[in-house]
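Trainee: okay, predicted coordinates and the sequence, questions at the end:
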Amino acid sequence: TRRQLWPWAGLALFGLATALGVYAIVHGWLTVFLPMFDQFRAPARALALWTFALAVMGAVGVDLVARQGLRAVDALARPAALRGGLRVGALILVGVALPLTYLALLLTQENETIFLRTSVAALALTLAAGFWLATWALFSGREAGWWSPNLFGVMMVGLLFFDLSATGAYTDISDRDPTVGFQHDDIAAFLQNEPGLFRIDTLTGIEGLWQPDTAALYGLQDVGGIANPLSLLHWRQLWAAASDRGGRLYDMLNAAYVVVEDGTPLPEGKFELAFDAPGPLSVYRNTNALPRAWVVHRATTAPDMAAALDAVQSPDFDPAQEAVIVGDALPAISGGEGSLESVTVTEYAGDRMTLAVDAAGDGILVLSEIWYPGWRAKVNGVETSVLATNGGLRAVAVPAGESVVTLSFQPQPWRYGLVLAAIGLLLLAAWAIYGLWPRRRQVG
């Protein structure tokens, strides 16, 4: 019925309007009024919603026509309107669009680029016209009773298969194994056997040899993380400031190893060859890399993240000795310089981290981990603040002596989501019970 198809029609129109991106005014409205819509990247991906919804509606129509002919669609649309739509569409494609496209081919032969694009458009329109006419013929034949419902269904499926196979036959043609960029077992085995918690740096122009997510597949941590279009702005800015491999900010990112193509120059006196892998890649060790966490006893404040990032780019700033805290409050700091201190990561996961700290005085535990709202910390079981520091990292104030620091990711929106999910389940259960109650009463 029409009522059943309206949601699919709405989904299709939403997908199309969204896929048009900045070329449709509705995209700007959604960005302003719909929460989180401004985080939606690559709007063209919404064509999947358009395609899926049209497929559902098309399947309903084909099923009705196959079983009962065009008269069966009277509940959804008038058969005359459907035939008229097929006729008008064929006229536009065959009588108008194709002649104009081939005229454009004649007029653009002198410009190779434009001619190539026009040729692709002409091929697409020719295929569209052919499939349109074939669909018209199949529907008309079914209405005239030339073939049975089963034969009609088989021919429609065959036409769809030919459509998909013909238009996608030359997509992504290559005799090269697409997984080659992920196959680095020798390098991964070497790095997996290295002690401690560290990151590797593969942002060295080796995209053609090393796929961005390779480290994650082998259980390694890369300074670039995973290929993610929703990367944090303050992290991108911090990496832009720290990407000079000769600088001290780079060492602050716990980048202990760098993977480069053979022959790539690196700062002398800082990097040493650690593993010459078979093939064009090599692994170098950063001898000045800082650990994943350390304690400092000097700190200043900055009003915001941008100001903190400016401060840490000063030539005199040493991340191993001092920190720049975002905010007005500066934790208590005492002594500690020159004394033997230790920080050991005893537990590490994506949403949890535990460290054993032995500080010579009150200080700030700086973690080479990205700061983000929602992280919570406890020091010896007492909750304390997680500070944004050094333009994008986390920090926690620690007392003198031994302490255990635990960090966990517990964002407030997640709690709201759990509460709303529980309310939804209760409402669903109430609706189910209410819907079954009259039946039980009638049976009794």
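Mentor: On my side now, so go ahead.
Trainee: low-scoring pLDDT stretches of the stretch 151-300 of the chain, where are they?
Mentor: 167-174 (pLDDT under 70).
Trainee: buried stuff in whichever strand or helix holds R117?
Mentor: Assigned by DSSP states H and E, R117 belongs to helix 112-143. Burial within helix 112-143, assessed by neighbour count using 16 or more other Cβ atoms under 10 Å, is assigned to 115, 118, 122, 125-126, 128-132, 134-136, 138-139, 142. Every C-beta, even on glycine, is put in place using the N, C-alpha and C of the backbone.
Trainee: just flag the most distant two among these.
Mentor: F115 and R142 (40.8 Å; Cβ to Cβ).
Trainee: state the mean pLDDT of the helix holding R117.
Mentor: Helix 112-143 carries an average pLDDT of 84.
Trainee: show me what counts as buried in the helix or strand just after it.
Mentor: Using DSSP H and E, the helix or strand that follows helix 112-143 towards the C-terminus is helix 149-167. Judged by neighbour count using 16+ other Cβ under 10 Å, the buried positions of helix 149-167 are F152, G153, M155, M156, L159, D163.
Trainee: the third one contacts W147, doesn't it?
Mentor: It refers to M155. Yes. Counting by Cβ atoms under 8 Å, M155 does reach W147; the two are 7.2 Å apart.
Trainee: what about the stretch 1-150 of the chain, any weak spots by pLDDT?
Mentor: Using pLDDT under 70, the flagged stretches of the stretch 1-150 of the chain are 1-3, 39, 65-83.
Trainee: without its sequence neighbours, what residue ends up closest to G225?
Mentor: S231 (7.0 Å; Cβ to Cβ, 6 or more residues apart in numbering).
Trainee: burial check on the one you found, number of neighbours?
Mentor: The tally of other residues near S231 (other Cβ atoms under 10 Å) stands at 14.
Trainee: so it sits in a helix?
Mentor: No. Counting by DSSP: H, G, I helix; E, B strand; the rest coil, S231 is not found in a helix; it is coil.
Trainee: picking that back up, elements contacting the helix holding R117?
Mentor: helix 47-68, helix 79-90, helix 98-107, helix 149-167 (3 or more Cβ pairs under 8 Å, 6 or more residues apart in numbering; DSSP states H and E).
Trainee: can you redo these as TSV with distance to A302?
Mentor: Compiled in TSV, these are given as follows (distance: least, Cβ to Cβ, whole Å):
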stretch	distance to A302
helix 47-68	43
helix 79-90	63
helix 98-107	59
helix 149-167	55
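Trainee: closest to S368 out of these?
Mentor: Here helix 47-68 is closest among those (Cβ to Cβ), at 37.9 Å.
Trainee: list the buried ones in the closest one?
Mentor: For helix 47-68, by 16+ other Cβ under 10 Å, it's L49, W50, A53, L54, V56, M57, V60, G61, V62, L64, V65, A66.
Trainee: measure the first one to V60 for me?
Mentor: When distances are taken as Cβ to Cβ, to the nearest Å, L49 and V60 turn out to be 17 Å apart.
Trainee: now do N254
Mentor: From N254 to V60 the distance is 56 Å (Cβ to Cβ).
Trainee: repeat for A306
Mentor: For A306, the distance to V60 - Cβ to Cβ - is 54 Å.
Trainee: count of neighbours near N111?
Mentor: 11.
Trainee: how near is it to L160?
Mentor: 36 Å.
Trainee: just A311 next, same as before
Mentor: 61 Å.
Trainee: and what of T179?
Mentor: Taking Cβ to Cβ, one finds T179 at 30 Å from L160.
Trainee: determine the number of other residues adjacent to G224.
Mentor: 18.
Trainee: next one: L309
Mentor: L309: 22 neighbours (other Cβ under 10 Å).
Trainee: could you check the pLDDT of it?
Mentor: 95.
Trainee: okay, the closest residue in space to it that isn't next to it in sequence: pLDDT?
Mentor: Distance criterion Cβ to Cβ, 6+ apart; nearest residue to L309, sequence neighbours excluded, is G391 at 3.3 Å. G391 is assigned 94 on the pLDDT scale.
Trainee: quick check: L93 touching W132?
Mentor: Yes. Assessed by Cβ under 8 Å, L93 is found in contact with W132 at 5.7 Å.
Trainee: on that earlier part again, show me which of the buried residues of helix 149-167 is closest to G21.
Mentor: D163 (26.0 Å).
Trainee: from Q313, how far out is the closest residue in space to the closest one that isn't next to it in sequence?
Mentor: Of all residues not flanking D163 in the chain, F131 sits nearest, at 5.4 Å (Cβ to Cβ, 6+ apart). Between F131 and Q313 the computed distance is 59 Å (Cβ to Cβ).
Trainee: same question, V56
Mentor: 54 Å.
Trainee: what's the answer for G21, then?
Mentor: 35 Å.
Trainee: try S140
Mentor: If you go by Cβ to Cβ, the gap between S140 and Q313 works out to 72 Å.
Trainee: ok, now G10?
Mentor: 50 Å.
Trainee: same deal with G424?
Mentor: Counting by Cβ to Cβ, the gap from G424 to Q313 is 48 Å.
Trainee: compare those two (neighbour count), which wins?
Mentor: Using other Cβ under 10 Å, the more surrounded residue of G424 and Q313 is Q313, with 13 against 10.
Trainee: the closest residue to that one other than its chain neighbours: what's it in contact with?
Mentor: Nearest non-adjacent residue to Q313, counting by Cβ to Cβ, 6+ apart: A241, 5.4 Å away. By Cβ atoms under 8 Å, 6 or more residues apart in numbering, the contact set of A241 is L249, L309, V312, Q313, G391.
Trainee: how would you label the first one: helix, strand or coil?
Mentor: What it means is L249. helix.
Trainee: that one is in contact with P319, isn't it?
Mentor: Yes. With contact defined as Cβ under 8 Å, L249 and P319 form a contacting pair (6.7 Å).
Trainee: more neighbours, these two?
Mentor: It is P319, of L249 and P319, that has more neighbours when counted by other Cβ under 10 Å, with 23 against 19.
Trainee: now do the contacts for the more buried one.
Mentor: Contacts of P319 (Cβ under 8 Å, 6+ apart): R248, L249, D251, M252, L290, V296, V312, V366, N390.
Trainee: same question for S342.
Mentor: A356, V357, D358.
Trainee: try it again at 6 Å.
Mentor: By Cβ atoms under 6 Å, 6 or more residues apart in numbering, the contact set of S342 is D358.
Trainee: please name the bridge partners of it.
Mentor: D358 (DSSP bridges).
Trainee: please shift the residue numbers so they start at 35 in all later answers.
Mentor: From this message on, residue numbering opens at 35, which makes the last subject S376.
Trainee: so which residues of the stretch 285-434 of the chain form helices?
Mentor: Secondary structure of the stretch 285-434 of the chain by DSSP state H, counting those that start in this stretch: the helices cover 339-346.
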